[in-house]
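*Asks:* Could you look at this predicted model? Sequence included:
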Amino acid sequence: MTFTTLTILIIILFVVGYFFIAIESVTKINKAAIALLMFVGCWTLFMLDPLQYPAVTDLIPKFTGNVAQTVSSIIETHLGSTATTLFFLMGAMTIVELVDQNGGFNFVRDALHTTSKRTLMWRIAFLTFFFSAILDNLTTSIVMIMILRKLVSEKRDRLYYAALIVIAANSGGAFSPIGDVTTIMLWNKGVITAPGVIKEIFIPSLVSMLIPAYILSLHLKGTLTFKASQAATVQANEFTAMQRKTIFFLGVGGLIFVPIFKTITHLPPFVGILLVLGLLWVVTEVFYAQLKEKEEKGAMQKRVTNMLRRIDLDTIFFFLGILMAVACLETIGVLHALGRGLDVTFEGNHYLVTGIIGVLSSIVDNVPLVAGCMGMYPLEAAGDMAIDGVFWQLLAYCAGVGGSMLIIGSAAGVVVMGLEKVTFGWYLKNASWIAFVGYLAGIIVYWLEKSVIGL
């Protein structure tokens, strides 16, 4: 692919936007504002000469030569894909907050109870890792950050715990066919199987979490003032114990049911999330209707309608801007050309190709990268490109775990960045290299599995 002047300008705008997001702590300009400008700027430049891109010319006949309608259709398609992520995020955040406000996660806080900062680090690491494989890395990150806020009061310590949550959530999602969007894509495509990816990626994923957890734990010494003693008294007395348990099982059980719902209905995950939210909303409204007037005043703050007003729109707009800017790069063919270039440069070495794809997934969204790889590389009957072959399994691992190297490299990182206000610069300085060490260690372990052990 020959990059035209317009394509180069779009790439430059994208890189400059990422730079300003990276120095948000210096400029004090909200990253959501920069992301929105990136989104609009990239697509505005695109409109200067859209006919030079096959994505437009291939669709022109469908719209009888109308360029504006063709481009609008492309943008709306990408916006629809982005909206599914945003609605999933909003629904999951509301469900988790509702369960938490009604004391649903008290048992998790009790399980994490310790005054040792390092012990708490390890408990959070393992809980996040295995939760992510069952729920997904995005939902798990939301749950764990909500719990973390109740446990740790000191901001500095909480940043290290938040970084670990990002790393552990992405590592846990990589070995599960339902733990990450990219593994779901590969699983649905039929290039990996559930038993195969769990058997061969579990240990590399675990190693990619354990090593960063150990390094991060070295930053935490002494004891902490455990907030669970205070948080356990969540004002959930308006409901009976049975009602609180009902809310918990509907909320958490519903989140676990989402991937099952997707498998049964083949509907997008956000539909399952909205089903759970709607059901939980109805049930809690029935409970509120049974309260006495005095009790109802205290419960009003915990109603879904009130929680929806507290949704972090900064995070939502940031997600919108980043994903739509990346969609523009996908439309102009940059991501596809990048993947093809890697294949030519490192022909035959799938460890290097997938390893670099993993690094790139920390910079741009891993979904279009994986989608591009699925389109570029054909499924073969035997060898690295066969079902559960080295390439596809490494792609699942690298695209998932690689996103931990930058705070904006994964859905889990973006939501933690928004909820816990982790700056790009702080994560880059204190956590990126740690995540990279774990990432490489996991690849080495996978190589040992295939080359030495012979799995």
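*Replies:* Structure's in. What do you need? Residues are numbered from 1 along each chain as shown.
*Asks:* what's the burial count for Met385?
*Replies:* 16 (other CB atoms under 10 Å). Placement of C-beta: from N, CA and C, glycine included.
*Asks:* Over to it. Which of the three states is it?
*Replies:* On the three-state scheme (DSSP: H, G, I helix; E, B strand; the rest coil), Met385 is labelled coil.
*Asks:* List phi and psi for it.
*Replies:* Dihedral pair for Met385: phi -100, psi 10, per degrees, to the nearest 10.
*Asks:* quick one: it from Leu394, how far?
*Replies:* From Met385 across to Leu394, the span is 11 Å (CB to CB, to the nearest Å).
*Asks:* Common neighbours of those two, please.
*Replies:* Here Met385 and Leu394 share no contacting residue, scored by CB atoms under 8 Å, 6 or more residues apart in numbering.
*Asks:* Any buried residues in stretch 120-131, and which?
*Replies:* For stretch 120-131, a neighbour-count test (16 or more other CB atoms under 10 Å) marks Leu120, Met121, Trp122, Arg123, Ile124, Ala125, Leu127, Thr128, Phe129, Phe130, Phe131 as buried.
*Asks:* was I right about the first one contacting Thr223?
*Replies:* No - assessed by CB atoms under 8 Å, Leu120 is found out of contact with Thr223, at 9.8 Å.
*Asks:* what touches both of the two?
*Replies:* Common neighbours of Leu120 and Thr223 (CB under 8 Å, 6+ apart) do not exist.
*Asks:* Setting aside sequence neighbours, what's the nearest residue to Trp43?
*Replies:* Closest residue in space to Trp43, ignoring its immediate chain neighbours: Cys328 at 5.5 Å, by CB to CB, 6 or more residues apart in numbering.
*Asks:* From Thr263, how far off is the one you found?
*Replies:* 32 Å.
*Asks:* Of these two, which one has the most company?
*Replies:* Between Cys328 and Thr263, counting by other CB under 10 Å, Cys328 is the more crowded of the two (24 against 15).
*Asks:* what about Pro50, how many neighbours?
*Replies:* Per other CB under 10 Å, the neighbour tally for Pro50 reads 20.
*Asks:* no, scratch that, I was asking about Gln52
*Replies:* Applying other CB under 10 Å, we find 13 residues neighbouring Gln52.
*Asks:* how far away is it from Ile332?
*Replies:* Distance, Gln52 to Ile332, by CB to CB: 9 Å.
*Asks:* likewise Met242?
*Replies:* As judged by CB to CB, Met242 and Ile332 stand 56 Å apart.
*Asks:* So for those two, which residue has more residues nearby?
*Replies:* Ile332 (26 against 8).
*Asks:* Enumerate every residue touching the more buried one.
*Replies:* Ile332 is in contact with Thr7, Ile10, Phe46, Tyr53, Ala55, counting by CB under 8 Å, 6+ apart.
*Asks:* tell me which element the second one falls in.
*Replies:* In the assignment (DSSP states H and E), Ile10 maps to helix 5-22.
*Asks:* I'd say Ile201 and Pro177 touch.
*Replies:* No - using CB under 8 Å, Ile201 is not in contact with Pro177; the gap is 10.0 Å.
*Asks:* Specify which residue of these two has the higher count of neighbours.
*Replies:* Ile201 (27 against 22).
*Asks:* ok but that one is inside a strand, no?
*Replies:* No - Ile201: not assigned to a strand; according to three-state DSSP it is helix.
*Asks:* Provide a list of residues in contact with it.
*Replies:* Ala174, Phe175, Gln393, Ala396, Tyr397, Tyr446.
*Asks:* And for it, nearest residue in space, chain neighbours not counted?
*Replies:* Phe175 (4.1 Å).
*Asks:* Next up, phi/psi of that neighbour, please.
*Replies:* Dihedral angles (degrees, to the nearest 10) for Phe175: phi -90, psi 0.
*Asks:* isn't it right up against Ser205?
*Replies:* Yes - at 4.1 Å, Phe175 counts as touching Ser205 under the criterion of CB under 8 Å.
*Asks:* shared neighbours of those two, which are they?
*Replies:* Contacts common to Phe175 and Ser205, judged by CB under 8 Å, 6+ apart, are Tyr397.
*Asks:* gap between Thr265 and Gly254?
*Replies:* From Thr265 to Gly254 the distance is 15 Å (CB to CB).
*Asks:* wait, Leu395
*Replies:* Using CB to CB, we find Leu395 at a distance of 30 Å from Gly254.
*Asks:* neighbour-wise, which of those two wins?
*Replies:* Set Leu395 next to Gly254 and count neighbours by other CB under 10 Å: Leu395 wins out with 29 against 20.
*Asks:* so the more buried one sits right up against Tyr351, yeah?
*Replies:* No - in this structure Leu395 lies outside contact range of Tyr351 using CB under 8 Å: 11.1 Å.
*Asks:* Contacts only, for the nearest residue in space to Leu45 that is not next to it in sequence.
*Replies:* Excluding its sequence neighbours, the residue lying closest to Leu45 (CB to CB, 6+ apart) is Ile10, at 5.1 Å. Ile10 makes contacts with Cys42, Leu45, Phe46, Cys328, Leu329, Ile332, Val334, as judged by CB under 8 Å, 6+ apart.
*Asks:* The third one contacts Val71, correct?
*Replies:* Yes - the pair formed by Phe46 and Val71 meets the contact definition of CB under 8 Å, at 7.4 Å.
*Asks:* Next, find the distance separating the residue nearest to Ile201 from Leu164.
*Replies:* From Phe175 over to Leu164 (counting by CB to CB), the distance is 18 Å.
*Asks:* re the thing from before, now the buried members of the contacts of Ile201.
*Replies:* Members of those classed as buried by 16+ other CB under 10 Å are Ala174, Phe175, Gln393, Ala396, Tyr397, Tyr446.
*Asks:* buried residues in the helix or strand hosting Thr305?
*Replies:* Here Thr305, judged by DSSP H and E, is contained in helix 304-308. Neighbour counts over helix 304-308 (16+ other CB under 10 Å) mark Val304, Met307 as buried.
*Asks:* I'd like the next helix or strand past the lowest-mean-pLDDT helix or strand in the chain.
*Replies:* Least confident element among the helices and strands of the chain, by mean pLDDT, DSSP states H and E: helix 228-231 (a mean of 44). For helix 228-231, the succeeding helix or strand toward the C-terminus, using DSSP H and E, is helix 241-265.
*Asks:* and for that next one, what are the contacting residues?
*Replies:* Residues outside helix 241-265 that contact it (CB under 8 Å, 6+ apart) are 92, 95-96, 98-99, 102-105, 134-136, 139, 178, 184, 236, 239, 267-269, 271-273, 275-276, 279-280, 283-284, 287.
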